[in-house]
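Asker: Provided below for reference: sequence and predicted model.
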Amino acid sequence: MNSTTTTDLACYCTVCGQHIDAFTPYRGHNSRPPLMALLNVIGSNTSQFLCPSCGCHDRERHLLMYLAKLNLLPILGSSARILHFAPEQWLSQLIQLQNPAFYLMADLYPQSEQVEKIDIHEIPYPDASFTLVIANHVLEHVDDDRRAMQEIRRVLTVGGLAILQTPYSASLHNTFSDPGVVSPEQRLQLFGQEDHVRLFGRDIFERFAEAGFNPLVVTHHQVMSDMSAVVYGINENEPLFLFEAV
Ligand SMILES: [Zn+2]
């Protein structure tokens, strides 16, 4: 009776397929800046952040679950031309398994030779070069988010898709940024992380619309209300920020 099988364990990582005791909190603790809690900022599930088996983060687990639930794998397939900023390890592996026609990984500060150095404010590709752009947790870091959105739209075909996961507060009417907020501690307290330069409010959807995107945003409760946030280590309040280029 002392034996413990893996399936007795409480949590399950959809990325590595392992049953685990628990997901590891962000940086080993559950706390987040008080303002982020006060404004109900939707971002990572900091209490169930890291998979101790494969190292994936909650938002990557959630994103892959959205793709599976919505049967979106075909948008990664043989006719796809994909530009992927700040490429997540597991998502990029999944994409490569789908054999897209063209797959470009990009970052302003590439950590690997497989990743091309690209500034999202000035993407060095012609109009309508891609059918899908993925830039998760990028827009809160960039100097000019409107310019970045316009560039993403420009390089997409009409009807092309963008996956643009970003933390935001639905309590805020307006996106908040200020050039005087420069120190890592100020940015952590006001924007939620030491290298964030803005906190998006609900006008983020107007910004996407102004850039030429139609929202196809899906919530967790619309497509996987039966999947427990605790078991799968995800933030059930985090929607899928999926947009169509119009
Ligand atoms: Zn895992």
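Answerer: Okay, I see it. This structure is a prediction, so every number in the text was calculated from the model and none was measured.

Asker: C-alpha from now on. contacts and neighbour counts both.
Answerer: OK.

Asker: Surely Ile204 and Thr175 touch.
Answerer: Yes - using CA atoms under 8 Å, Ile204 makes contact with Thr175 at a distance of 7.0 Å.

Asker: by contact count, what packs against the lengthiest strand in the chain?
Answerer: Using DSSP state E, we find that the single longest strand of the chain is strand 156-163. If contacts are counted by 3 or more CA pairs under 8 Å, 6 or more residues apart in numbering; DSSP states H and E, strand 156-163 sits against strand 130-135, strand 242-245.

Asker: which outside residues touch it?
Answerer: With contacts defined as CA atoms under 8 Å, 6 or more residues apart in numbering, strand 156-163 is touched by 127-136, 152, 240-246.

Asker: Ok, stretch 227-235 next?
Answerer: Contact with stretch 227-235 is made by 10-14, 23, 43-45, 48-49, 58-59, 61-62, 236, as judged by CA under 8 Å, 6+ apart.

Asker: from these, which is closest to the ion?
Answerer: Relative to the ion, the closest of the contacts of stretch 227-235 is Cys13; by CA to the ion it sits at 4.5 Å.

Asker: Apart from its chain neighbours, what residue comes closest to that closest one?
Answerer: Distances taken as CA to CA, 6 or more residues apart in numbering put Tyr232 closest to Cys13, at 6.0 Å, once the chain neighbours are dropped.

Asker: Quick check: Thr166 vs the ion, distance?
Answerer: Distance, Thr166 to the ion, by CA to the ion, to the nearest Å: 22 Å.

Asker: whoops, Arg154 was the one
Answerer: From Arg154 across to the ion, the span is 35 Å (CA to the ion).

Asker: Give me the pLDDT value at that residue.
Answerer: With respect to pLDDT, Arg154 has a value of 98.

Asker: sec struct for the closest residue to Val142 other than its chain neighbours, please.
Answerer: Spatially, and ignoring its direct neighbours in sequence, Val142 is nearest to Val197 (7.1 Å; CA to CA, 6+ apart). Per DSSP: H, G, I helix; E, B strand; the rest coil, the secondary structure class of Val197 is coil.

Asker: Next, see if stretch 43-55 gets close to the ion.
Answerer: Yes - Stretch 43-55 reaches the ion (CA under 5 Å from the ion) through 51, 53-54.

Asker: tell me which residues of that stretch are tucked away?
Answerer: By neighbour count on 16 or more other CA atoms under 10 Å, the buried set for stretch 43-55 is 43-51, 55.

Asker: could the residues you listed go into a markdown table alongside secondary structure?
Answerer: Below are the buried residues of stretch 43-55 laid out as a markdown table (three-state DSSP):
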| residue | secondary structure |
| --- | --- |
| Gly43 | coil |
| Ser44 | coil |
| Asn45 | coil |
| Thr46 | helix |
| Ser47 | helix |
| Gln48 | helix |
| Phe49 | coil |
| Leu50 | strand |
| Cys51 | coil |
| Gly55 | coil |
